[in-house]
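Novice: Quick one, what's the 3D model for this:
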Amino acid sequence: MAYEVRELAETRVIGEKRSYDSIEEAQEKIQQFWTDFKQSDQRARLTLEADEQFQGFFGIYFPTDNGVDYMIGVSSDRETSEWASHNIPAGKYIVFEAGRPVSREIQRVTNEAYEVIIPASQHDLRQAPEFEYYPFGNVTAADYTAEMWIPVE
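Specialist: Below is the predicted model:
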């Protein structure tokens, strides 16, 4: 599986956030979160908040003392009280591409990254949020690709 290592500048993200008691619970409920998000007017409103750094949606895992927060968001330099706000710290990430069907491929790529690729590489994981990146566009198009970003040293 191909991947590349990229440096990310600190990135401010805003969006809709939900809290879960565990990563397992998050993984069970995230698909419904995305469905709810797409069916609401939040998608269109949040798209308008995106800056030029990234033109797409993030699915971001933020570990907490009590589980994990998951945010659907965009990079934005705007101040807003309407959306939750977080910073993704600057640093090095291993970036994997995922094709179609996107939700299944993201899961497959993530599993292979953690079980095979990263253990065999010279990279150690670092404490920072991992995230999925979905460029704006038609996710059902034959050539659409999303990305999985995993923080490494």
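Novice: Only C-alpha atoms from now on, for both contacts and neighbour counts.
Specialist: Fine.
Novice: quick one: contacts of whichever helix in the chain runs longest?
Specialist: Looking across the chain with DSSP state H, the single longest helix is helix 23-39. Residues from elsewhere that reach helix 23-39 (Cα atoms under 8 Å, 6 or more residues apart in numbering): Ser19, Tyr20, Arg43, Gly67, Val68, Tyr70, Ile72.
Novice: quick one: average pLDDT of that helix?
Specialist: Taken as a whole, helix 23-39 carries a mean pLDDT of 91.
Novice: For the protein, which helix or strand comes out least confident on mean pLDDT?
Specialist: Least confident helix or strand, the chain: helix 102-112 with a mean of 83, by mean pLDDT, DSSP states H and E.
Novice: List the buried residues in it.
Specialist: Neighbour-count burial for helix 102-112, counted by 16 or more other Cα atoms under 10 Å, picks out Val102, Glu105, Ile106, Val109, Thr110.
Novice: how about JSON lines for the residues you listed, with distance to Phe62 added?
Specialist: Below are the buried residues of helix 102-112 laid out as JSON lines (distance: Cα to Cα, whole Å):
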{"residue": "Val102", "distance to Phe62": "21"}
{"residue": "Glu105", "distance to Phe62": "21"}
{"residue": "Ile106", "distance to Phe62": "17"}
{"residue": "Val109", "distance to Phe62": "19"}
{"residue": "Thr110", "distance to Phe62": "16"}
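Novice: which pair in those residues spans the largest distance?
Specialist: Pairwise distances among the buried residues of helix 102-112 were taken by Cα to Cα; the largest, 11.9 Å, belongs to Val102 and Thr110.
Novice: now the strands for the chain?
Specialist: According to DSSP state E, the chain carries its strands in the segments 3-8, 11-20, 56-64, 67-75, 84-88, 91-98, 130-135, 146-152.
Novice: Same list, the ones you listed, but as JSON lines with mean neighbour count and mean pLDDT please.
Specialist: Shown next, in JSON lines, are those (neighbours: other Cα atoms under 10 Å; pLDDT from 0 to 100):
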{"stretch": "strand 3-8", "mean neighbour count": "13", "mean pLDDT": "94"}
{"stretch": "strand 11-20", "mean neighbour count": "20", "mean pLDDT": "96"}
{"stretch": "strand 56-64", "mean neighbour count": "20", "mean pLDDT": "93"}
{"stretch": "strand 67-75", "mean neighbour count": "23", "mean pLDDT": "95"}
{"stretch": "strand 84-88", "mean neighbour count": "16", "mean pLDDT": "93"}
{"stretch": "strand 91-98", "mean neighbour count": "21", "mean pLDDT": "92"}
{"stretch": "strand 130-135", "mean neighbour count": "21", "mean pLDDT": "93"}
{"stretch": "strand 146-152", "mean neighbour count": "23", "mean pLDDT": "93"}
